[in-house]
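Visitor: Got a sequence here, can you model it:
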Amino acid sequence: MDRLIHTYALIKSLYDQRQEYIDSFLTFAIKVIPSNRFVNFAFIQKNLKDEFDLEIPLHVLKTILDRAKRKGYIEQEKNEGGYKLTKEGLSYLDKLETPKEVERRTNALIEDIKDFFFREHKTSLNQNQISNLLLSFLCKNIEPLIEYINPSATFDLSIQSPEGYENLLIEYIQSAEQQKPENYKTLEEMVLGSIISVILYTKESSDISELRTKKFKHHQVFLDTNFVFSILELHPPEFNKPAKELFILLKEYGFNLKVFDFTVNEISKVIGGYSREAYRYPLSARVDTLYSSLKSKGWSKTDAQKFIVDLENILDKNEIKIEWTDIDIKTYKPPDETLRNLMRKYKALQQLYHQNHDLAAIEEIKKLRGKPVRKIEDSKACFLTSDVKLGRLNFIEMGHKDNGTVCEVILDRLLTNILWLKNPNLKLSLNSIIAVHSRDLFIKKRIWSRFYDVLHQVREEGKVKDEDISMLFYHGYIEDVLREFDEAEADKFTPEFVIEKIEEAAKSKEEETERMIREKDEEFLQQLKEEVSKKEREKEQEKEREWLERVQKIKNSLQESGEREASIYSNISASILTLTASLILYGIYLLFKKWGFSEFPAFIIPFVTGSSGLWGLWTRVRSNLKAMLVKHIYTKKLKEATLDEENKN
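Guide: This next block holds a predicted model:
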């Protein structure tokens, strides 16, 4: 399996020399073809697998061999028989030093990772284990891309990767970027080479050239809530960086970046819950939830309220347009109610409101497309997210895998890889692939919630003291323990479990460290004490909910008012313009009649009005004007409205 590590790096090096995907694989093919006899496809396929761990389908292999034959590196028997290496092929291989250099660099990288693990963490892994860890790292990145290129393809490298070391690998990569640029470059080559290798999964050879030549036209990308949070840098850096890189890339490609109005409402709802939930998250443990991240950034209740009030302006400044619909997420019913059970299969803990949001987004993308599509470039619209579970649901359960059609939902890292394949000259960092693994480095939200409740219980019962609790955060102890648990294992947390972990943590007690931890999480411990006064907290939380609902009602009312005004103005303007066009046409008609032409030129009418005539002209003008006016009027009314937090009571 470690051969594949070298192969991926070599693919990228060969591509850099030739700038053609197929040519990147010529070297591998001719290296396994002998010069003293003819060999068939089966022989070449087997040896490519044995020597380089490359499984090349026949249709791709034939294209590669045809290219090698045209270059004179191999010759073929009559009647399309076997292949044999030529003198030119031997000469080419003799001059080729790249494979040896790539192997040297990959071996140096693996050895350096091995040394880093032991030096920094006293962790000893052998070369094979490091290779498998790297392969697992790469495969998580390219699996969605393989499914996109060929939904029927099977992808199973059967990697026996050592569990629990992904965080050390990510730490090494971040260190190498600053201190070991040559090793970091080798890592980049592996990532990009693995992406190029995905072309081996194409159904037809012609699909390979389409990857580069087929363009996106007038494509709308609708951003999911989690992606918006990342580009606004509200998540941890591990998730913000790749999202911002892709966001910039989408702008460079000219995509229309949008959010549905019900996504705006979901964003407001999520941020609105921060002030009610922030107290549950300490600063010393990273939990996989937005609230933990906002807490670490020092957000206050006022910050959250200001964000909600200014949300439309924030989106506008980032050149994200709002797509207005008539959907009320609270009462939304999908056309196919059976999808709810499928959603629960993938996202069992998802609340109904957020489930409605995801189902509505998928349905709206379907409407915008109008029909199933088989090429992403032809899809007109997609829903961009980092939610892997939603992506899997859409791909497997909604017929796309079986039908070979493009999903309504597209993962952010998948779109990043597709855009890079279209233009490999783009700079593609490792941030997107790091993000794939980083989520496993945080405590799952449900795990922390359950742990917190039990921790509060044992404290209230007097079984533990505050100084005992502070020990849980010593050297990130409780974070290391809890992040190993999956959300389905939340029931394992009992009072006995919590007390046991507190006792284990106390064994590594250091007074100075304890003092620092207590100061850092003083607010968390204080809130834990005050948890008994739930009635007061619930009363405050209810006030926050009422304020958020009032703000949302005001915004909805302003939007409806803007729609009405825009409709009136656009009707009048469109009518004036259409009447003007009619008069112009009539004037042209009179001129032609005066000049003695017997017939009025037929091409002039569609030239002025379009193929659908004056009614079509009126409709188009009205629609475009209304879209512009709605945004302008709504923004103006929003600025004039009193929505600040001082007026929430």
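Visitor: count of residues packed around E75?
Guide: By the criterion of other Cβ atoms under 10 Å, E75 has 16 neighbours. Bear in mind the C-beta positions are built from the backbone N, C-alpha and C, glycine included.
Visitor: Run through the stretch 151-300 of the chain and note the low-pLDDT ranges.
Guide: 154-163 (pLDDT under 70).
Visitor: Where do the helices of it begin and end?
Guide: Taking DSSP state H, counting those that start in this stretch as the test, the helices found in the stretch 151-300 of the chain are 166-179, 181-197, 206-213, 225-231, 237-253, 261-272, 274-277, 290-296.
Visitor: Let's have the ones you listed in CSV, adding distance to P424 and mean neighbour count.
Guide: CSV is the format used below for the helices of the stretch 151-300 of the chain (distance: least, Cβ to Cβ, whole Å; neighbours: other Cβ atoms under 10 Å):
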stretch, distance to P424, mean neighbour count
helix 166-179, 21, 17
helix 181-197, 7, 21
helix 206-213, 9, 14
helix 225-231, 24, 23
helix 237-253, 13, 19
helix 261-272, 32, 22
helix 274-277, 41, 20
helix 290-296, 33, 21
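Visitor: Just tell me which of those helices ends up closest to I365.
Guide: Closest to I365 of the helices of the stretch 151-300 of the chain is helix 261-272 (Cβ to Cβ; 12.1 Å).
Visitor: List the contacts of that closest one.
Guide: Applying Cβ atoms under 8 Å, 6 or more residues apart in numbering, the contact partners of helix 261-272 are 222-225, 228-229, 259, 290, 304, 307-308, 311-312, 315, 322-325, 327-329, 332, 353-354, 357, 360-361, 544-545, 548, 551-552, 559.
Visitor: now with 6 Å?
Guide: For helix 261-272, the surrounding residues in contact (Cβ atoms under 6 Å, 6 or more residues apart in numbering) are T225, A304, F307, I308, I322, W324, T325, I327, I329, H357, A360, L548.
Visitor: Buried ones in the helix or strand hosting the fifth one, by neighbour count?
Guide: The one in question is I322. Remark: I322 resides in strand 321-323, with elements defined by DSSP states H and E. For strand 321-323, the neighbour count (16 or more other Cβ atoms under 10 Å) marks I322, E323 as buried.
Visitor: neighbouring strands for it, and are they parallel or not?
Guide: Here strand 321-323 is paired, per DSSP bridges, with strand 256-260 (parallel).
Visitor: picking up where we left off before, got the contact list for the strand holding I322?
Guide: K258, V259, F260, D261.
Visitor: Could you save the residues you listed as a markdown table and add columns showing distance to F41?
Guide: Shown next, in a markdown table, are those (distance: Cβ to Cβ, whole Å):
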| residue | distance to F41 |
| --- | --- |
| K258 | 48 |
| V259 | 50 |
| F260 | 50 |
| D261 | 56 |
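Visitor: Closest to P282 out of these?
Guide: V259 (31.9 Å).
Visitor: mind listing the strands for the stretch 401-550 of the chain?
Guide: Secondary structure of the stretch 401-550 of the chain (DSSP state E, counting those that start in this stretch): strands located at 409-411.
Visitor: all helices of it, in order?
Guide: Using DSSP H, counting those that start in this stretch, helices in the stretch 401-550 of the chain cover 412-422, 431-438, 445-460, 466-471, 477-482, 495-506, 511-520, 522-530, 534-594.
Visitor: Could you check the angle the longest one makes with helix 261-272?
Guide: Orientation check (axes from the mean of the first three to the mean of the last three Cα atoms, to 10 degrees): helix 534-594 against helix 261-272 gives 150 degrees.
Visitor: just checking, what packs against helix 534-594?
Guide: helix 274-277, helix 613-640 (3 or more Cβ pairs under 6 Å, 6 or more residues apart in numbering; DSSP states H and E).
Visitor: lowest-confidence stretch among the ones you listed?
Guide: Of all those, the minimum mean pLDDT falls on helix 613-640 (a mean of 66).
Visitor: re earlier: buried ones among the contacts of helix 261-272?
Guide: T225, A304, F307, I308, I322, W324, I327, I329, H357, A360, L548.
Visitor: What helix or strand is the fourth one located in?
Guide: Using DSSP H and E, I308 sits in helix 301-317.
Visitor: Pull out the buried positions in that helix.
Guide: So, applying 16+ other Cβ under 10 Å, buried residues of helix 301-317: A304, Q305, F307, I308, V309, L311, E312, L315.
Visitor: Now G462. Its backbone dihedrals?
Guide: G462 has phi and psi values of phi 80, psi 20 when expressed as degrees, to the nearest 10.
Visitor: Count the neighbours of it for me.
Guide: If you count neighbours by other Cβ under 10 Å, G462 ends up with 7.
Visitor: and this structure, what are its domains?
Guide: As assigned by automatic domain parsing, the chain contains the domains 2-98, 214-441, 445-532, 539-647.
Visitor: Which one, of those domains, ends up nearest to I142?
Guide: domain 214-441 (7.2 Å).
Visitor: And the closest one, how far out from the chain middle?
Guide: 7 Å (Cα atoms, centre = their mean, to the nearest Å).
Visitor: same deal with stretch 491-509?
Guide: Worked out by Cα atoms, centre = their mean, stretch 491-509 lies 36 Å from the chain centre.
Visitor: Outside of it itself, list whatever touches it.
Guide: Here stretch 491-509 has contacts from R450, F451, V454, L455, V458, V464, D468, M471, L472, Y474, Y477, using Cβ under 6 Å, 6+ apart.
Visitor: Just the buried subset of the residues you listed, please.
Guide: Looks like these have R450, F451, V454, L455, V458, V464, D468, M471, L472, Y474, Y477 buried, using 16+ other Cβ under 10 Å.
Visitor: would you list those in TSV and tack on distance to E77 and pLDDT?
Guide: Shown next, in TSV, are these (distance: Cβ to Cβ, whole Å; pLDDT from 0 to 100):
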residue	distance to E77	pLDDT
R450	68	90
F451	69	90
V454	74	90
L455	75	88
V458	79	88
V464	80	84
D468	80	78
M471	76	76
L472	72	79
Y474	72	67
Y477	68	78
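Visitor: Distance to F239 for these - can I get that in TSV?
Guide: Shown next, in TSV, are the buried ones among the contacts of stretch 491-509 (distance: Cβ to Cβ, whole Å):
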residue	distance to F239
R450	24
F451	23
V454	28
L455	27
V458	33
V464	34
D468	33
M471	30
L472	25
Y474	27
Y477	24
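Visitor: Against T578, how distant is G587?
Guide: Look at G587 and T578: by Cβ to Cβ, to the nearest Å, they are 15 Å apart.
Visitor: Same drill for these two, tell me which one is more crowded.
Guide: T578 (20 against 10).
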